[in-house]
Each structure stands twice: as structure tokens, then as C-alpha cells.
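1. I'd like to go over a predicted model; first the sequence, then the structure.
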Amino acid sequence: MKIFLTGGSRGIGLKTMMMALEKGNDVAFTYNNPETDVEAIYKEAGRVAPQQKCKGYLLNIRKNEDVVAVVDQVLEDFDTIDTVINNAGINKNNLAFSMTDDEWLDVIDTNLNGTFYVIRAFLPEFLANRKGRFVTISSIAKDGISGQANYSASKAGLLGLSGAIAKEYGQKGITSNVVVPGMFETDMTKESLSNSLKDFWILHCPIKRMGKLEELAEVILFLGSDAASFVNGQAISVTGGLDWAE
Ligand SMILES: NC(=O)c1ccc[n+]([C@@H]2O[C@H](COP(=O)([O-])OP(=O)(O)OC[C@H]3O[C@@H](n4cnc5c(N)ncnc54)[C@H](OP(=O)(O)O)[C@@H]3O)[C@@H](O)[C@H]2O)c1
């Protein structure tokens, strides 16, 4: 299959991409930071799956015109795309009473608006193919986490967005599902989560640990595969059994 994945430079996106390549898929990925060492990513991709195609595109998903241009280029380079994984996301944590407009808007623009731009840009291709899979990464913050009003709102919004796409386009062969991760060790959680929240997680999670990236990537790639052809409009939690945080 041919997969397009946003935010493939680090963390969950990078792991998902490498596993997708290992499983025999071609991957077009995006990164936002122009300083990203794309050559190092290509080198690792060539090591894990020398026969698969892997190409990176610089893209800030907050800019619709840039999304449209990159999607056009990807479709030219890859001929088509079967699966879109909406993974790119940020957080800017603050208590609601002191949250600035910029903190609110940056997170909503990236996580929710950017994801909408990507989905909208791929719909014509999916409709023409009468086939396509959207897999969108939400978070347990969808139900609200203290200090994350912006992030929680964006991640809840993704459920509505994905559900609407599932209903509008299911009969055209297009599925749309959400993955709801619990806590995984990446730059995002290293930089912004307090030790007390990590301790809370390990104490209350029935599996008593944070998740491993490969445990999440397996579910993302299943939903993006042909094997998931009758799964549509769902949100699948990968949380070890703890579906909320304070
Ligand atoms: N880690 C967890 O425990 C956890 C839990 C629940 C949900 N999630 C969600 O999983 C996804 C990946 O998280 P992560 O932990 O892997 O985060 P991460 O390590 O911080 O990586 C974030 C990725 O998003 C990209 N990105 C950020 N802003 C962007 C923009 N404006 N346009 C395009 N790409 C942008 C980054 O690109 P650059 O490298 O170029 O900056 C990077 O590739 C996010 O949606 C996050 O909300 C994570």
C-alpha cells in the first residue's frame, strides 16, 4: 500500500513509518522543522526496507495552500495514496484562565484545522479510486485533561471530524477511524508532562507502564490496511486500559 503520514520526523509518526516500510508499504511523510535531518531518516528507511519507497515533504499543515501543494506533489510522485495517517500534533499546556490566544489557536490550528485540510485535500483522490483509509490520532485528552483545554478541545474535535467523514464517504469505499493513545514516551511527553502525571499513569494503568511505540503503530497500521475494510467511524483506544487522566 501507499501511505501518506503527517509528522513522520519523530516519535509516534517516525516509528509508524518505519514499521509501515518494514511491512512492505511505501510511505510519503511530512515534517515541519526545516532543520530535520531527512537524510538520516532515508538512511534508516533504506536499512529497514531497502526495496520500499520513502520520501519526505516539508509541510506546515496549518497552511491550507501548502497542504494542497504537497498533496498534489505526493500524488504525482507516488501515483496514488491508499492510506492517510493524520499524526502531526502539538501541545501548549497552560491553565485555562491564563491560556493566551496564541496558545489556544496554535494548538487548534495544527491539530484540528491542519488535519481537516489534509483530509479535504485527499478526498478527490480517494473518491476517484472509490477507496481510501483515513486514520487520525486523537488522545485520551479528548475527554479533558487539566492544563490542556486547547489540546483536549482539538483532540475531541478530531472525533467529530473523523465520524463525519466516515458517514459521508463510507458508501464510496472510504473509511475513517481514530486511534486514541494513552501515554507513550516521545518528545511530546518528555517535554511537557510532569513526573507526577507519569507516576499517576503507571499507578492507575492496569498494565502498570507507559505504552511502547510499536504497540501503538500496530493498531494505526491495522486501521490503515485492507484488513480493516469493515471498520469505519470508530475510535480505538490503545491505553493499556486507562482511558482518562486528571
Ligand atoms: N506521545 C503520547 O503519549 C501521545 C498520546 C496521545 C496522543 N498523541 C498524539 O500523537 C501524535 C504524535 O505525537 P508524538 O508524541 O509523536 O509527538 P512529537 O514527538 O512531538 O512529534 C510531533 C510530530 O508532529 C509534527 N508537527 C508538529 N507541528 C506540525 C505542523 N504545524 N505541521 C506539520 N507537522 C507538524 C512534528 O514535526 P517536526 O519534527 O518537524 O516538528 C513531529 O513530526 C500527536 O498528534 C499527539 O497529539 C501522543
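-> Alright, I've got the coordinates.

2. got the buried residues for the helix or strand bottoming out on mean pLDDT in the chain?
-> Sorted by mean pLDDT, DSSP states H and E, the helices and strands of the chain end with helix 187-192, the least confident at a mean of 82. Using 16 or more other Cβ atoms under 10 Å as the test for burial, helix 187-192 gives 188-189. Using the backbone N, CA and C atoms, a C-beta is placed for each residue, glycine as well.

3. contacts for stretch 23-37?
-> Residues outside stretch 23-37 that contact it (Cβ atoms under 8 Å, 6 or more residues apart in numbering): 1-9, 13, 17, 20-21, 38, 41, 45, 49, 52-61, 70, 74, 77-78, 81, 83, 88, 221.

4. Report the contact partners of residue 200.
-> So residue 200 contacts 245-246 (Cβ under 8 Å, 6+ apart).

5. Residue 205 reaches residue 245, doesn't it?
-> No - the pair residue 205 and residue 245 fails to qualify as a contact (Cβ atoms under 8 Å) at a distance of 9.7 Å.

6. gap between residue 82 and residue 36?
-> Residue 82 sits 25 Å away from residue 36 when distances are taken as Cβ to Cβ, to the nearest Å.

7. Repeat that for residue 84.
-> Computed as Cβ to Cβ, the residue 84 to residue 36 distance reads 20 Å.

8. Looking at these two, which one has more neighbours?
-> residue 84 (28 against 16; other Cβ atoms under 10 Å).

9. beta partners for the more buried one?
-> Residues in a beta bridge with residue 84, per DSSP bridges, are residue 4, residue 134.

10. Check residue 178 too.
-> Residues in beta-bridge contact with residue 178 (DSSP bridges): residue 136, residue 235.

11. residue ranges for the helices of this structure, please.
-> Counting by DSSP state H, the chain has helices at residues 11-22, 38-48, 64-78, 101-107, 114-129, 149-169, 187-192, 195-204, 213-223.

12. Contact residues of this structure facing the ligand?
-> The chain has residues 6-7, 9-13, 30-33, 36, 59-62, 87-90, 110, 114, 137, 139, 181, 183-184, 186-189 near the ligand, with proximity defined as Cβ under 6 Å from any ligand atom.

13. Okay then, goodbye and thanks.
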